[in-house]
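Colleague: From the sequence below, what's the structure:
(chains A, B, C and D)
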Number of protein chains: 2
Amino acid sequence: MKPKPSAEAPEFSEKQVCILEAAERLFSVRGFVGTTVREIAHEAGVNVAMIAYYFGSKEQLLLAVFTHRISAARIQMEYLLADKNLSPIEKMEALVESTVDRMLKHRDFHRVLLNAQLTSGNEELAGIIADTKVKNLEIVRKMIADGQRQKVFTRGIDATMLVLMITGTIYQVATGSAYLKAAYPHHDATDAAFEERIRKNLIVHLKRTLKAVLTYEA
Amino acid sequence: MKPKPSAEAPEFSEKQVCILEAAERLFSVRGFVGTTVREIAHEAGVNVAMIAYYFGSKEQLLLAVFTHRISAARIQMEYLLADKNLSPIEKMEALVESTVDRMLKHRDFHRVLLNAQLTSGNEELAGIIADTKVKNLEIVRKMIADGQRQKVFTRGIDATMLVLMITGTIYQVATGSAYLKAAYPHHDATDAAFEERIRKNLIVHLKRTLKAVLTYEA
DNA sequence: TTAGCATTTAAACGGTCGTTTAACTTCGCG
DNA sequence: CGCGAAGTTAAACGACCGTTTAAATGCTAA
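Modeller: Residues are numbered from 1 along each chain as shown, chains lettered A, B, ... in the order given. Presented below is the predicted three-dimensional model:
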């Protein structure tokens, strides 16, 4: 009898994680439909049948990639929200910084996420993504409302648009790296140095924009 | 003998345009690899073989979708740049407004574009996209430099990040419509009314953000 | 050792893919 | 009219897809 395809306990064995990360890498560059289970098996160094054996199907493997990554992000977000020693603007900046770090660290996964959001064949997956997004939006809405109550944020901010702007900007950076190297003025020796510069510039730009738009009096 | 697959003359017959637009619609929701040529043929109301007959292959059809849409955008952009009667901030706002309108009007195409950028299998296509993006970036860089020379824009703006932010924001709105309806507070009767509200709010938000970040003194 | 179960394998399965073929129709023009 | 090119069709092609199968292997406990 096969093991359960991870119903309520989203914990994966070493070999399962190996397959998950191989799938994540391939999905991120070829897309879900553009990746074959044979490629995934080869990348992970296992037999083709192991994927069906461990995950049931290619679609359920994609779902497992999501459950594998999403739990950590949720915890980090709630931890950040609980810190009461920060001013409203400091909270927003901390949010931006942690979000940028997380998205760039798991760049491959977020390419998969964007792809799934774009071609939403899977109904269950679309629901998970939408839920996560709406929940994150609520958090930021509360942060902004707090700042407005304390009279340090301008009134008339469109919180939804602000969230879309922040995540959209990070997505552009996280997914368009190939074109970035051509467009961005730099003199870095290594790719790693260039990526670190990008990361810092992105954070500086977002913080500056946030402070400006949140405190700007029309 | 087959007709040329549109080498130097990117003009398409009525039936070709019908196929192109059917392909664009399907690519935008299912992705390129997720769309079957048989689906495209059915959506366009033609026989499967006509696609190979007119465009050579599925990949060349995708390329034709791009050449079909890109020429118009280029012209509009250059027309905007030539208008000398606008102040720097007015130019930036006009740019935002026209970009939002164009991207939302051809929402399907821009979903295809984003998908192609994400899973860049096609080398030639990736080159076309990168070229267009770099060219647009140069235009905005010039606009910002103008504003700084006239002392109406703050120094220290990261023009690259600013462009990524604008396009990223619009992409988020243009591609995440399903989730938007759940997240955005509204009381609109029809979908069309809701989309119009979104469009207006997006423009207001981007203009406000632009003015704030471009004139904000740190 | 060996019975019993999880794991792993190579091969095969049915189905669908993009593309090609060859026969057929339509149409413009001498 | 008639003839050749352009357009259109249903059918077939080989390749590859995700998944299944059945046999082989590894491992643990009695």
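
Colleague: mind checking how far residue A:125 is from residue A:65?
Modeller: In this view, residue A:125 and residue A:65 are 10 Å apart by C-beta to C-beta, to the nearest Å. For glycine as for every other residue, the C-beta is placed from the backbone atoms N, C-alpha and C.

Colleague: got it, and residue A:206?
Modeller: In this view, residue A:206 and residue A:65 are 27 Å apart by C-beta to C-beta.

Colleague: Briefly note if the helix or strand bottoming out on mean pLDDT in chain A comes near chain B.
Modeller: Scoring the helices and strands of chain A by mean pLDDT, DSSP states H and E places helix A:177-183 at the bottom, with a mean of 79. Yes: using C-beta under 8 Å from any C-beta of the partner chain, we find that helix A:177-183 touches chain B at A:178-180, A:182-183.

Colleague: now, among those, which is nearest to residue A:34?
Modeller: residue A:178 (16.8 Å; C-beta to C-beta).

Colleague: Quick check: the closest one touching residue B:123?
Modeller: No: between residue A:178 and residue B:123 there is no contact under C-beta atoms under 8 Å: 11.2 Å.

Colleague: ok, these two, which is more surrounded?
Modeller: Set side by side, residue A:178 and residue B:123 show more neighbours around residue A:178, with 12 against 7, by other C-beta atoms under 10 Å in any protein chain shown.

Colleague: So for residue A:48, what's the nearest residue that isn't a sequence neighbour?
Modeller: Once flanking residues are discounted, residue A:48 sits nearest to residue A:41: 4.5 Å by C-beta to C-beta, 6 or more residues apart in numbering or on different chains.

Colleague: Quick check: that neighbour vs residue A:155, distance?
Modeller: Using C-beta to C-beta, residue A:41 is found at 56 Å from residue A:155.

Colleague: Who has more neighbours out of those two?
Modeller: residue A:41 (18 against 8).

Colleague: Go ahead and list the helix or strand containing that one.
Modeller: If you go by DSSP states H and E, residue A:41 is part of helix A:37-44.

Colleague: Then residue A:206?
Modeller: Going by DSSP H and E, residue A:206 is part of helix A:191-215.

Colleague: next one: residue A:108
Modeller: Per DSSP H and E, residue A:108 falls inside helix A:107-118.

Colleague: which residues in chain A form helices?
Modeller: A:14-30, A:37-44, A:49-55, A:58-82, A:88-105, A:107-118, A:123-149, A:159-175, A:177-183, A:191-215 (DSSP state H).

Colleague: Minimum distance to DNA strand C: which of the ones you listed has it?
Modeller: Closest approach to DNA strand C among the helices of chain A (C-beta to the nearest atom of the strand): helix A:49-55, 3.4 Å.

Colleague: Check the average confidence over that closest one, would you?
Modeller: Helix A:49-55 shows a mean pLDDT of 97.

Colleague: and what of stretch A:122-131?
Modeller: Mean per-residue pLDDT for stretch A:122-131: 88.

Colleague: how far is it from where the chain is centred?
Modeller: Centre-to-centre, stretch A:122-131 and its host chain are 15 Å apart (C-alpha atoms, centre = their mean, to the nearest Å).

Colleague: Kindly report the same for stretch A:116-131.
Modeller: The answer for stretch A:116-131 is 14 Å, by C-alpha atoms, centre = their mean.

Colleague: just stretch A:13-22 next, same as before
Modeller: On C-alpha atoms, centre = their mean, the centre of stretch A:13-22 falls 20 Å from that of its chain.

Colleague: Now tell me what touches it from outside.
Modeller: Contacting residues not belonging to stretch A:13-22 are listed as A:12, A:40-41, A:43-46, A:50-51, A:54-55, A:61, A:64-65, A:68 [C-beta atoms under 8 Å, 6 or more residues apart in numbering or on different chains].

Colleague: Just the buried residues of the residues you listed.
Modeller: Among these, those classed as buried by 16 or more other C-beta atoms under 10 Å in any protein chain shown are A:12, A:40-41, A:43-44, A:46, A:50-51, A:54-55, A:61, A:64-65, A:68.

Colleague: show me what contacts residue A:129?
Modeller: So residue A:129 contacts A:113, A:116-117, B:179 (C-beta under 8 Å, 6+ apart).

Colleague: Residue A:183 now?
Modeller: Counting by C-beta under 8 Å, 6+ apart, residue A:183 touches B:133-134, B:137, B:160.

Colleague: rerun that using 10 Å as the cut-off
Modeller: A:176, B:130, B:133-138, B:141, B:159-160, B:163-164 (C-beta atoms under 10 Å, 6 or more residues apart in numbering or on different chains).

Colleague: ditto for residue A:127
Modeller: Contacts of residue A:127 by C-beta under 10 Å, 6+ apart are residue A:120.

Colleague: so what pLDDT did the residue lying closest to residue A:152 once chain neighbours are set aside get?
Modeller: Residue nearest to residue A:152 in three dimensions, not counting chain neighbours: residue A:88, with 5.6 Å by C-beta to C-beta, 6+ apart. pLDDT for residue A:88: 91.

Colleague: Could you measure from residue A:88 over to chain B?
Modeller: Look at residue A:88 and chain B: by C-beta to the nearest C-beta, to the nearest Å, they are 17 Å apart.

Colleague: Pretty sure that residue sits against residue A:154.
Modeller: No: counting by C-beta atoms under 10 Å, residue A:88 stays clear of residue A:154, with 11.7 Å between them.

Colleague: which residues do these two both contact?
Modeller: Residues touching both residue A:88 and residue A:154 (C-beta under 10 Å, 6+ apart) are A:144, A:147-148, A:214.

Colleague: Thanks a lot, see you next time.
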